[in-house]
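Participant: Structure, please.
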Amino acid sequence: MIEKRVYRKIAIDVVSVCVLAVPILVFITVMKPYHRGFFCDDESLMHPFKEDTIPTWLLGVIGLGLPIICVLTIEALLTKTNKGVILPKDVLSPKIRPYLERCYDIIRVFIFGTAATQFLTEIGKFSVGRLRPHFFDVCKPNITKCTSTLGYVTDDVCEGTDIKKILHARLSFPSGHASISIFCMVYLMVYLQIRLKIQGADLAKAVLQVVAITLAIFTCLSRISDYKHHWGDVLGGALLGFAVCVLVVWCLSVLVPDVSLQTILLSISGNQMTHYRRTHQESSESQGSEGMDGLTGVAVNN
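Facilitator: This next block holds a predicted model:
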């Protein structure tokens with residue numbers, strides 16, 4: 001019976017992620033972005049084409065890999081030292097099972113949030129069709145057909161031969177690098193704040209959080225310096241990633257019991273654990289043992 005519940009849960013999770021992943025593939029392989037026009041004297045579109053400082057593959061490796069590695073490592077340490085949240089009795093055997101289920105519950109939310117962020121990003125890109133700062137460099141508009149006297153140009157005047165680059169140059173808003181990097185690193189920051197407990201070494205945890213957000217900010221800034229996005233595209237992507245992270249942790253989090261939006265925002269500001277311990281203690285005193293039948297215990301660090 002337990003195995004069936006586990007397999008059913010995994011199947012539902014996979015289907016849920018695929019519901020978001022399949023449209024992303026459709027956007028990338030089939031759809032064409034909105035054909036936005038331009039002014040021939042628009043200097044914001046005249047920047048040179050440059051290679052990515054942070055290529056997409058590196059964003060995926062660090063953005064997805066770093067949080068997952070941290071979860072696997074920290075949960076292993078918490079399980080070994082018996083400081084993690086204990087799972088219900090029927091899943092305590094064998095010994096490795098609580099660790100695997102705990103990691104799965106945290107990582108599945110992270111993967112779903114990443115897919116949701118990318119899905120919303122693609123909708124924005126293909127719906128808005130904003131031109132990248134290097135659009136003219138890859139479009140190579142016909143000079144005779146593109147003069148300032150023509151005003152707003154909506155016709156196809158591009159003479160560039162790389163059709164893929166031209167289409168890609170119409171996907172500036174919002175920045176996918178910004179949305180994904182901010183989501184992944186903010187999620188990692190929240191996870192570290194809630195789960196990583198280093199007695200007498202709080203600054204060590206803060207250093208890890210600073211490193212995480214620095215990676216995200218550097219990625220965002222590189223998109224501007226590489227002329228891949230306008231600053232507004234990066235800001236929009238960053239806000240999108242941050243908003244999805246807050247909502248995902250708020251609605252789906254298993255990091256702490258009964259997590260609230262206020263708790264998440266406080267964790268991002270660095271004050272979450274103090275607030276959680278106070279509110280959890282107050283709720284425990286008022287509710288007594290009610291609602292604790294499904295847990296064998298909760299580890300408490302002072």
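
Participant: tell me the contacts of E159?
Facilitator: C139, K140, P141, N142 (CB atoms under 8 Å, 6 or more residues apart in numbering). C-beta here means a position set from N, CA and C on the backbone, and glycine is covered the same way.

Participant: Model confidence for the closest residue to Y152 other than its chain neighbours, exactly?
Facilitator: Leaving aside its chain neighbours, Y152 sits nearest to G37 (5.2 Å; criterion: CB to CB, 6 or more residues apart in numbering). Per-residue confidence (pLDDT) for G37: 91.

Participant: next one: L255
Facilitator: For L255, pLDDT reads 68.

Participant: One more: T114?
Facilitator: Note on T114: pLDDT of 97.

Participant: got it, and K80?
Facilitator: Note on K80: pLDDT of 68.

Participant: Over to the one 10 residues further on?
Facilitator: Here the pLDDT value assigned to D90 is 37.

Participant: how about T161, phi and psi?
Facilitator: Backbone geometry at T161, expressed as degrees, to the nearest 10, gives phi -90, psi -20.

Participant: Roughly how far does it sit from Y227?
Facilitator: Remark: distance between T161 and Y227 (CB to CB, to the nearest Å) = 20 Å.

Participant: Between these two, which has more neighbouring residues?
Facilitator: Neighbours per residue, other CB atoms under 10 Å: of T161 and Y227, the larger number sits with Y227, 19 against 9.

Participant: Secondary structure class of that one, three-state.
Facilitator: coil (DSSP: H, G, I helix; E, B strand; the rest coil).

Participant: Could you dump the contacts of E159 into CSV and include secondary structure and distance to C184?
Facilitator: Output for these, formatted as CSV (DSSP: H, G, I helix; E, B strand; the rest coil; distance: CB to CB, whole Å):
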residue, secondary structure, distance to C184
C139, helix, 32
K140, coil, 36
P141, strand, 37
N142, coil, 42
